[in-house]
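> pasting a predicted model and its sequence here:
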Amino acid sequence: MSHKKYVEVTAVFTADGRVMPQTIHWDTGTVYEVDKVLDVRRAAATKAGGCGLRYTCRIRGQQTYLFLDEDRWFVETRSYAE
């Protein structure tokens, strides 16, 4: 089962009002650079529950989802230990 893992995100606000994530800061100190935002849409986090804006991102060649739920960012993880 998946869980929400809240993460720190560095993002920029574009001139047209969009919020675009740049980096994801893991609690271990690892920082992942978002190579590209592929899609942004309102969607549910089907594995961990909740909803918000779902950012489909490419990070280190892998596609992943990053969610902005009101004012908090999260990713879906397989366990609490991740």
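Perfect, thanks for sending it.
> got any ranges where the protein has weak pLDDT?
1, 46-49, 79-82 (pLDDT under 70).
> how many residues are close by residue 35?
Neighbour count of residue 35, defined by other Cβ atoms under 10 Å: 12. In short, each C-beta sits where N, CA and C put it, glycine included.
> equivalent analysis for the one 3 residues further on, please.
Counted with other Cβ under 10 Å, the neighbours of residue 38 add up to 10.
> give me phi/psi at the most far-flung residue of the chain relative to its centre?
Distance from the C-alpha centroid of the chain, by Cα atoms, centre = their mean, peaks at residue 15 (21.1 Å). Backbone geometry at residue 15, expressed as degrees, to the nearest 10, gives phi -60, psi -30.
> repeat for the one 4 residues further on
Dihedral pair for residue 19: phi -100, psi 120, per degrees, to the nearest 10.
> what residue is smack in the middle of this protein?
Centre-most residue of the chain, counting by Cα atoms, centre = their mean: residue 66, 1.9 Å.
> residue 10 is in contact with that residue, correct?
No - in this structure, residue 66 is not within contact of residue 10 by Cβ atoms under 8 Å, at 11.9 Å.
> which ones are touching residue 51?
Listed by Cβ atoms under 8 Å, 6 or more residues apart in numbering, the contact set of residue 51 reads 42, 43, 44, 45, 67, 69.
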